[in-house]
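> mind looking at a prediction? Sequence and model below.
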Amino acid sequence: MALIGRLNCLQVVKHTNFGLYLDGGADGEILLPNRYIPKDTPSEVDDWLNVFVYLDSDDKLIATTEKPKVQVGEFASLKVLEINSIGIFLDWGLSKDLLLPYSEEKRPLQAGEYVVVHVYLDKHTRRITATARLDRYLDNSPSAYQAGQAVELLVAEPTEMGFKAIINNQHWGLIHKNEVFKFVRVGMREQGYIKEVRRDGKISLSLQPVGAQASDALHDKILGLLRDKQGVLMISDKSAPEAISALFGVSKGNFKKAIGALYKQGLIVIADDRITLV
């Protein structure tokens, strides 16, 4: 049985003038139209093809070799292409646009802007549908994350405290303002780190490694770069946060702690505009 809204590996069962038919198991044969057949790889009966399966305008299963930006069960930031009486249509990388019904809109949208959505399969129509109401699709059960663990983040919305982000396509987390040391916008995908899992289950996030291992790694990175640059780096604790982030990928606060520790160890000298290896 083919999975609607997901990538499938299906076997070619026959050729026709208008495309290939693939074995969809209990769903029967699924058409892969000629325009989606790979030109550089001849496809013969019994070959296997990686295809995405969805419903066409006549509610019939159809396959494509186009790769969508998001599959059923996932979250993504997508561009609004058109708004009409039917609903809001999003660009998800396929020829047929993705529908966001008005009932699933969280705030008024305009053509050209981006919106973070979850993609699901409508139980009644079997149509692939988007929703901006994310809470119902995120796991509220206790998480098993550990402090310092690296995770994948999708920045979903700004708040007074910072940015809410989706962790590993499963849980809500919060990047506090004091952890935002570089440009962040809704829709960005970033590697992040678990800073704390609170007793109430809420998760605090960091955009940089945390803990003693992170400190040691930053010390080594600073010393290594100093050696590569003949013992002098034109950056210091008075440098702009953006310059520090661009060079070391950390906040100014963590950089200041690191060079302060190296200074106390007698390994570097700190000036207003530079640090020098002893």
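Nice, I can see it.

> and the nearest residue to residue 19 once chain neighbours are set aside, how many neighbours?
Using CB to CB, 6 or more residues apart in numbering and skipping residues adjacent in sequence, the residue nearest residue 19 is residue 33, 4.4 Å away. For the C-beta atoms, the positions are set from N, CA and C on the backbone; glycine is no exception. Neighbours of residue 33 under the rule other CB atoms under 10 Å: 15.

> look up the pLDDT of residue 271 for me, please.
pLDDT, residue 271: 91.

> over to residue 249?
Reading off the model, residue 249 has pLDDT 80.

> give me phi/psi at the closest residue to it other than its chain neighbours?
Nearest residue to residue 249, sequence neighbours excluded (CB to CB, 6+ apart): residue 208, at 6.7 Å. Residue 208 adopts backbone torsions of phi -140, psi 160, taken as degrees, to the nearest 10.

> quick check: residue 208 touching residue 248?
No. When contacts are counted by CB atoms under 8 Å, residue 208 is not listed as touching residue 248 (9.1 Å).

> pretty sure the residue nearest to residue 19 sits against residue 62.
Yes. Using CB under 8 Å, residue 33 is in contact with residue 62, at 7.2 Å.

> all strands of the stretch 101-250 of the chain, in order?
In the stretch 101-250 of the chain, the strands defined using DSSP state E, counting those that start in this stretch lie at 114-121, 128-131, 150-159, 162-167, 171-176, 189-197, 203-206, 232-233.

> closest one to residue 95 among those?
Checking those against residue 95 by CB to CB gives strand 128-131 as the closest, at 13.6 Å.

> now do that closest one: distance to the chain's middle.
In this view, strand 128-131 has its centroid 18 Å away from the chain centroid, taken as CA atoms, centre = their mean, to the nearest Å.

> by contact count, what packs against that strand?
Other elements packing on strand 128-131 under the criterion 3 or more CB pairs under 8 Å, 6 or more residues apart in numbering; DSSP states H and E are strand 98-100, strand 114-121.
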